[in-house]
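> This is the structure alone, sequence omitted:
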């Protein structure tokens, strides 16, 4: 079934559009390789499960945005997936369509939890903030190691993309310093 039109992007979820764009960028790949990339993501939001990736790929295929064909020399019956021309156009349209909400603050479990910190006894607040700082610092360390690894592999643009997470985590640490000072 062919895609109705490029405006299919409007009816795609962010996860569907991201998977479509990843397949369009990576070229022929398997659903398993896509799932592994999401599994290894530094962003918890993009850690999509097998139960979401495989049906999503099936839906995009049914809409004519992806094609699937057998992997030669694979005895397991794996399928390679590619973006169709309509799929590439839909991925490109998704990238070009920048709604206002994209610039909004994203979900942040630290910010959400700290919104309720006044439920804790005053003496319990700073230790919780410090635990959040330690968790953020550990995440920052992983992100910096990932960026260094990508740069060492010559994947400069991927390293630049990871730098966004690095800056966000540093900003969170600065903010947590302010919160700790407030409650100290």
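Perfect, thanks for sending it. Remember, predicted model here, so these are calculated numbers, not experimental data.
> For the chain, just list every one of the helices.
14-26, 31-39, 50-62, 85-96, 109-114, 122-152, 156-183 (DSSP state H).
> other SSEs contacting the fourth one?
If contacts are counted by 3 or more Cβ pairs under 8 Å, 6 or more residues apart in numbering; DSSP states H and E, helix 85-96 sits against helix 14-26. In short, each C-beta sits where N, CA and C put it, glycine included.
> The helix it packs on vs helix 31-39, what angle?
Counting by axes from the mean of the first three to the mean of the last three Cα atoms, to 10 degrees, helix 14-26 lies at 120 degrees to helix 31-39.
> Just the pLDDT for the residue nearest to residue 87 when sequence neighbours are not counted.
Computed as Cβ to Cβ, 6 or more residues apart in numbering, the closest residue to residue 87 that is not its neighbour in sequence is residue 65, at 3.5 Å. Listed pLDDT for residue 65 reads 96.
> picking that back up, nearest to residue 102 among the helices of the chain would be which one?
Closest approach to residue 102 among the helices of the chain is made by helix 14-26 (9.5 Å; Cβ to Cβ).
> Give me the buried positions along the closest one.
16, 17, 18, 19, 20, 21, 22, 23, 24 (16 or more other Cβ atoms under 10 Å).
> same deal with stretch 51-66?
Those would be 52, 53, 56, 57, 60, 61, 63, 64, 65, 66, for stretch 51-66 by 16+ other Cβ under 10 Å.
> domain assignment for the chain?
The chain breaks down into these structural domains: 6-101, 109-183 (assignment by automatic domain parsing).
> which stretch in those has the least confidence?
domain 6-101 - the lowest mean pLDDT of these, at a mean of 82.
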